[in-house]
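# 3D model of this:
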Amino acid sequence: MDNHASTIVVTEERKRRRGLVWVGLGAVALLSGGSTFALWSANDVFAGGEITAGDLNLVQTADTSFYDVSADRSDATDTLPGTDGAQLGHLIDDASWRAVPGDKVAAAFSADVTLEGDNLVGKLSVAGLDAMIDGNASMTWSYEVYNQGALLVSETAVPADSSLFYLSAPATGQADGVDDGVPMVATAGGAAESTVFQMTDTSEDVTVVLYGTFDSTAGDAGKADLAADGSYADQTDAATGTRQDALTVDTLAELKLQLDQVRDTGSQFK
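Predicted coordinates:
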C-alpha cells in the first residue's frame, strides 16, 4: 500500500512541471512577435491609365537633287521639288557640273518630319555643313525652307552653327501642352532662326533648299590696271592671273538634315 501511494505522488509532480514548461514557451512566443493576432489594414481600387510616349522622327522622302539656278541661265525651267515653283532651275549632275564666278547652285532636301508630344519642340539643322563647305572661299551659302510646298523661311544666310529653325508638335489632340509656336506662314530668314513654328499635323513634308553662290567678283583681283595692249598690268603672276578659287571643291556628300528635341526654346519652357 505505501509503495503505490509514492508512485502516485511522483506522477502528479511531473504533470505540473510539464504545464509550467508550456506556459513558459507561450510567453516566449508572445514576446518574440510570434503572435497570431491580426492588426488592421484597409485598401480600395482606383482607376488606372496609360502613359503613351510621343514621337520625333525625320525620314527622307526624295533623293537629293541639284539645280543650276543662275539668274541668267535661259534654260532654267525646272521646278525644284518640294517648292512653290517660284525658284526655277536647270537639273544638273553635281559630279560633272563645274561652277564659275556668277553661278548659283541649289540643292533640295525633302523629308517627312514627325513631332508628337505635348511639350515637344524640335530644332532642324544641317549637321556638319560648316565642315563641308570650306573648300571654296568665294562661295557663300544660304537656304530656304518650304512646308507642304509653301514658302516658310525666305532665303537667308546659313547660320554659323547650321541651325535653321524650330518646329513644335501640333496642339490638336494634345491639349495638355501649351500652344508654343506661330502659324506656318512665310517668315524672313533672320527672324526664323529663333521662331518656333506650330505644325498643323503630326507629320508634315519639309523641304530645305541650300543655295551656293559663287562670287561674281572672284576674278577681279589683279584687274584694276588695264594696259594699252589689253593685259592687266597689276598681275604680277601670269600663271595665276585672276583664277581665284579655281578647282576648289565644296563637298556636300552625306549631307544630313538633323532634328533635335530641345527644352530651352518655346513658351512652355522656363
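
# and the helices in the stretch 151-270 of the chain?
Secondary structure of the stretch 151-270 of the chain (DSSP state H, counting those that start in this stretch): helices at 189-192.

# so where's it shaky on pLDDT?
By pLDDT under 70, the low-scoring segments of the stretch 151-270 of the chain are 173-178, 221-222, 233-241, 253-254.

# redo that, cut-off 50
The stretch 151-270 of the chain contains residues with pLDDT under 50 at 238-239.

# distance of residue 205 from residue 77?
Distance of residue 205 to residue 77, given as Cβ to Cβ, to the nearest Å: 23 Å. Just so you know, the C-beta spots here come from the backbone N, C-alpha and C atoms, and that holds for glycine as well.

# now residue 56
Counting by Cβ to Cβ, the gap from residue 56 to residue 77 is 38 Å.

# looking at these two, which is more packed in?
residue 56 (17 against 10; other Cβ atoms under 10 Å).

# got phi/psi on that one?
phi -140, psi 120 (degrees, to the nearest 10).

# enumerate every residue touching it.
Taking Cβ atoms under 8 Å, 6 or more residues apart in numbering, we find residue 56 in contact with 114, 115, 116, 117, 120, 122, 259, 261.

# can you give me the strands for the stretch 101-250 of the chain?
104-116, 121-127, 139-147, 150-157, 163-168, 196-198, 203-214 (DSSP state E, counting those that start in this stretch).

# about what we covered before: PyMOL command for the buried members of the contacts of residue 56?
Paste this into PyMOL to select the buried members of the contacts of residue 56, with burial taken from 16 or more other Cβ atoms under 10 Å:
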select buried, resi 114+115+116+117+120+122+259
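
# which non-adjacent residue is nearest residue 150?
In space, and not counting its chain neighbours, residue 150 is closest to residue 84: 5.9 Å by Cβ to Cβ, 6 or more residues apart in numbering.

# and what of residue 209?
Residue 209's closest residue in space is residue 144 (Cβ to Cβ, 6+ apart), at 4.6 Å.

# distance of that neighbour relative to residue 66?
From residue 144 over to residue 66 (counting by Cβ to Cβ), the distance is 15 Å.

# neighbour count winner among those two?
A count of neighbours by other Cβ under 10 Å puts residue 144 above the other of residue 144 and residue 66, at 25 against 21.

# residue 127: neighbour count?
14.

# tell me the pLDDT at it?
Looking at residue 127, its pLDDT reads 83.

# next: residue 97.
93.

# please name the residues that touch it.
Taking Cβ under 8 Å, 6+ apart, one finds 66, 68, 105 in contact with residue 97.

# hang on, it is in a helix, isn't it?
No: under DSSP: H, G, I helix; E, B strand; the rest coil, residue 97 sits outside any helix and is assigned coil.

# follow-up on the earlier one: next, the residue nearest to residue 150: phi, psi?
phi -90, psi 0.

# can you list the contacts of residue 97 in CSV and add distance to residue 224?
Formatted as CSV, those follow (distance: Cβ to Cβ, whole Å):
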residue, distance to residue 224
66, 35
68, 30
105, 29
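
# now do the buried residues in the host helix or strand of residue 61.
Under the criterion of DSSP states H and E, residue 61 resides in strand 55-68. By neighbour count on 16+ other Cβ under 10 Å, the buried set for strand 55-68 is 56, 58, 65, 66, 67, 68.

# repeat for stretch 121-133
So for stretch 121-133, counting by 16+ other Cβ under 10 Å, buried means 121, 122, 123, 124, 125, 126, 129, 132, 133.

# okay if I get the residues you listed as a markdown table plus distance to residue 201?
Listed next are the buried residues of stretch 121-133 as a markdown table, based on distance: Cβ to Cβ, whole Å:
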| residue | distance to residue 201 |
| --- | --- |
| 121 | 16 |
| 122 | 14 |
| 123 | 19 |
| 124 | 16 |
| 125 | 22 |
| 126 | 24 |
| 129 | 28 |
| 132 | 32 |
| 133 | 33 |
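
# residue 140 contacts residue 213, correct?
Yes: counting by Cβ atoms under 8 Å, residue 213 is a contact partner of residue 140 at 5.2 Å.

# more neighbours, those two?
residue 213 (19 against 15).
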